[in-house]
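K.L.:
When you get a sec, could you give me coordinates for this:
(one chain, ligands or ions: 1)
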Amino acid sequence: MTRRAIVRGVGHYLPERIVPNSFFEDLVDTSDEWIRTRSGIERRHFAAEGETTSQMAVKAAQAALENAGMQVKDIDAIIVATTTPDLTFPSTATMVQHGLGMERGFAFDVQAVCAGFVFALVNANALIATGQANRILVIGAETFSRLLDMTDRSTCVLFGDGAGALILEAHAGTGTNEDRGILASDLNSDGRDRDMLFVDGGPSTTGTTGVVKMLGNQLFRRAVERLTETARHSLGKAGLSDNDIDWIVPHQANIRIIKGTAKKMGIPMERVIVTVQDHGNTSAASIPLALSVAQSEGKIKRGDLVLTEAIGGGLAWGSVVLRW
Ligand code: ACO
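P.N.:
From the prediction side, this is the model:
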């Protein structure tokens, strides 16, 4: 018997306010056409004043619980992937724990920027595989709009807010790649690339939150290479190849990165989940948001082989292969 972590439920939350590309035309020298053609983004959601990452995460978690037919008492642990915590501490995960009314178990945050959800998923899988938890809420949640310099056209048009959640549950598998659940994963980071994407503030440097700085063009090229590499590593570990994949659910940073990676892997775009047009780049929330939307649209179904991959600040990147 192999202890597998299978997906039991998925849910998401998007703030009410939808911000079209035209909003930025009044702020910086840009156009709807530039944003659409260079990034694929048409609109994004921004959190309301006072709306926090943990509040959005709670709503996504409640949607996932409902989707799984579970209650809070069924959950053993919460992992929140976020770069935009409510406070420097305590963790956003413990605030979500409280917000859900959960009085037992444990909760912690994972910080790997846009790759955060993949890192959180791999951590949750390890906790389940080693018997430390049976059911884990894995959440990606961001109020990324709070890190934007609204005078920097190269970054402010790209990001959005939102939250997505997934419930993993221990399940007895056979140990083959026919099993449901997480089959293989691959994590990487390289701190030498720090300056490609970072925030210029923090508690132990400036004492402020800071704003996003990005060398978008360099990052773009690096992203396609790294994402293809990590996808192949995960598939190789699972004894699978590119052709076996039913769905790629990529981090939603830029439609051109998504298309470039799919092309390198020989996967047609019909098998790629794309939400970047509606959400923008929601950092750690983008993959669970895309998974939730894809399931609710009837695209991803039980038994499908799903590959998720992401890259973000650090740089940090990775992938997970799972059977839904
Ligand atoms: N509107 C109009 N023009 C713009 C804008 C804008 N919003 N932003 C930049 N430009 C200009 C630039 O100034 C430049 O002008 P110049 O030629 O006169 O110097 C020109 O457009 C081209 O700029 P590039 O940066 O070369 O444009 P590119 O085609 O690379 O697209 C983009 C930029 C969308 C940022 C792209 O590089 C990208 O998506 N990069 C990767 C982002 C990413 O993967 N992030 C990953 C993780 S995010 C995370 O971890 C938080």
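K.L.:
Just the element for W317, please.
P.N.:
Under the criterion DSSP states H and E, the helix or strand holding W317 is strand 316-323.
K.L.:
then the helix or strand harbouring I182 to PDB, C-alphas only?
P.N.:
According to DSSP H and E, I182 maps onto strand 181-189. Listed next in PDB are the C-alpha coordinates belonging to strand 181-189 (Å, rounded to 0.1, in the frame of the first residue of the first chain):
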ATOM      1  CA  GLY A 181      -3.400  11.700  -6.100                       C
ATOM      2  CA  ILE A 182       0.100  13.300  -6.300                       C
ATOM      3  CA  LEU A 183       2.400  11.000  -8.200                       C
ATOM      4  CA  ALA A 184       5.600  13.100  -8.400                       C
ATOM      5  CA  SER A 185       7.000  16.500  -7.900                       C
ATOM      6  CA  ASP A 186      10.100  18.600  -8.500                       C
ATOM      7  CA  LEU A 187      11.200  21.800  -6.500                       C
ATOM      8  CA  ASN A 188      14.000  24.200  -7.300                       C
ATOM      9  CA  SER A 189      15.400  27.500  -6.400                       C
END
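K.L.:
quick one: strands adjacent to that strand?
P.N.:
Strand 181-189 has the following sheet partners, assigned by DSSP bridges: strand 316-323 (antiparallel).
K.L.:
Dump the C-alpha coordinates for stretch 227-237 into CSV.
P.N.:
What follows is stretch 227-237, C-alpha atoms only, in CSV (Å, rounded to 0.1, in the frame of the first residue of the first chain):
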residue,chain,number,x,y,z
LEU,A,227,9.1,25.4,-16.5
THR,A,228,9.7,22.9,-19.3
GLU,A,229,12.7,21.4,-17.4
THR,A,230,10.8,21.0,-14.1
ALA,A,231,7.7,19.6,-15.9
ARG,A,232,9.9,16.9,-17.6
HIS,A,233,11.6,16.1,-14.3
SER,A,234,8.2,15.5,-12.5
LEU,A,235,6.9,13.4,-15.4
GLY,A,236,10.1,11.4,-15.5
LYS,A,237,9.9,10.6,-11.8
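K.L.:
can you list contacts of that stretch?
P.N.:
Counting by C-beta atoms under 8 Å, 6 or more residues apart in numbering, the neighbours of stretch 227-237 from elsewhere in the structure are 184-186, 188, 241-242, 244-245, 248, 250, 257, 261, 264-265, 307, 309-311, 317-321. Yep, even glycine has a C-beta here, placed from its N, CA and C like the rest.
K.L.:
so which of these are also by the ligand?
P.N.:
On the criterion C-beta under 6 Å from any ligand atom, I257, I311 are the entries of these that sit beside the ligand.
K.L.:
as a whole number, average confidence for stretch 245-259?
P.N.:
Taken as a whole, stretch 245-259 has a mean pLDDT of 97.
K.L.:
so how far does that stretch reach from one end to the other?
P.N.:
This stretch, stretch 245-259, spans 16 Å end to end (C-alpha to C-alpha, to the nearest Å).
K.L.:
before we move on, what about stretch 101-117?
P.N.:
Using C-alpha to C-alpha, the span of stretch 101-117 from its first residue to its last is 23 Å.
K.L.:
distance between it and the chain's centre?
P.N.:
Here stretch 101-117 shows a centroid-to-chain-centroid distance of 12 Å under the convention C-alpha atoms, centre = their mean, to the nearest Å.
K.L.:
If you count neighbours, what's buried in that stretch?
P.N.:
Buried positions in stretch 101-117, judged by neighbour count with 16 or more other C-beta atoms under 10 Å: 102, 105, 107-117.
K.L.:
For the ligand, tell me whether it is touching it.
P.N.:
Yes - among the residues of stretch 101-117, V113, C114 lie within reach of the ligand under C-beta under 6 Å from any ligand atom.
K.L.:
tell me the contacts of the residue in the stretch 101-250 of the chain that the ligand sits nearest to?
P.N.:
Residue nearest to the ligand within the stretch 101-250 of the chain (C-beta to the nearest ligand atom): G216, separated by 2.7 Å. Counting by C-beta under 8 Å, 6+ apart, G216 touches S154, T155.
K.L.:
before we move on, what about L100?
P.N.:
For L100, the contacting residues are V58, A61, Q62, V72, I75, I78, taking C-beta under 8 Å, 6+ apart as the criterion.
K.L.:
What is the burial count for the nearest residue to L187 once chain neighbours are set aside?
P.N.:
Once flanking residues are discounted, L187 sits nearest to G318: 4.0 Å by C-beta to C-beta, 6 or more residues apart in numbering. Burial of G318, expressed as a neighbour count using other C-beta atoms under 10 Å, amounts to 27.
K.L.:
what angle do the top helix by length along the chain and strand 181-189 make?
P.N.:
In the chain, assigned by DSSP state H, the helix with the most residues is helix 216-237. Counting by axes from the mean of the first three to the mean of the last three C-alpha atoms, to 10 degrees, helix 216-237 lies at 140 degrees to strand 181-189.
K.L.:
Okay, buried residues for helix 216-237 please.
P.N.:
Residues of helix 216-237 classed as buried under the neighbour-count rule (16+ other C-beta under 10 Å) are 216, 219-220, 222-224, 226-235.
K.L.:
among those residues, which two are most distant?
P.N.:
Looking at the buried residues of helix 216-237 by C-beta to C-beta, the two members farthest from one another are G216 and L235, with 28.1 Å of separation.
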